[in-house]
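Colleague: Sharing a sequence plus its predicted fold:
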Amino acid sequence: MTDNVAARALMTKARQALRSAHRLIDLEDSDGACNRAYYAMFDAARAALLIKLGRTEADFAKTHRGLLNAFSEYLIKDGVLTRELGRTLKRAEEMRFLADYDGDSVEMGDAVNMVADGEVFIAAIEQFMA
């Protein structure tokens, strides 16, 4: 599979995760919505890195931290994408960690905002890949 084909497959997966996040909001599952919104952004970030670097995902995405660091290094610091997108991805990771591992649930308003951030994030990655 070429990097371009792999990146497009990741974007398909990202869009599906975001659709799931919207449905979970409708079901009032704030934690589930945060999880799916984060993974939508995570997969979109992987796709962008594949396009930018032309590497296999194993080179930079062995861990969540590795992906976030590579995204920052190669797409944010280089000025390819905005710093706000980098901050959005970092906030999403923090919210997902809270949703998945903390005893308290994420507030519904925060989950709604995170899903909206996911829309913006994916749109920016799609524009970058166009």
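Modeller: It's in. Numbering: from 1, shown residues only.
Colleague: where along this protein do the helices fall?
Modeller: Assigned by DSSP state H, the chain shows helices spanning 3-26, 30-53, 64-71, 83-101, 108-129.
Colleague: so M114 touches A37, yeah?
Modeller: Yes: counting by Cβ atoms under 8 Å, M114 does reach A37; the two are 4.8 Å apart. Any C-beta I mention is one placed from the backbone N, CA and C, and that applies to glycine too.
Colleague: Give me the buried stretch members for stretch 105-125, please.
Modeller: Buried residues in stretch 105-125, defined by neighbour count with 16 or more other Cβ atoms under 10 Å: 106, 110-112, 114-115, 117-118, 121-122, 124-125.
Colleague: Going by distance to T82, which of the residues you listed wins?
Modeller: Lowest distance from T82 to the buried residues of stretch 105-125 (Cβ to Cβ) belongs to A124, with 7.5 Å.
Colleague: got a list of what the closest one touches?
Modeller: Going by Cβ atoms under 8 Å, 6 or more residues apart in numbering, A124 touches 81-82, 85.
Colleague: Whichever of those end up buried, select them in ChimeraX.
Modeller: Entered in ChimeraX, the line below selects the buried ones among the contacts of A124, by 16+ other Cβ under 10 Å:
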select :81,85
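Colleague: what would the contacts of A124 look like in TSV with pLDDT and distance to E93?
Modeller: Converted to TSV, the contacts of A124 look like this (pLDDT from 0 to 100; distance: Cβ to Cβ, whole Å):
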residue	pLDDT	distance to E93
L81	95	16
T82	96	17
L85	96	13
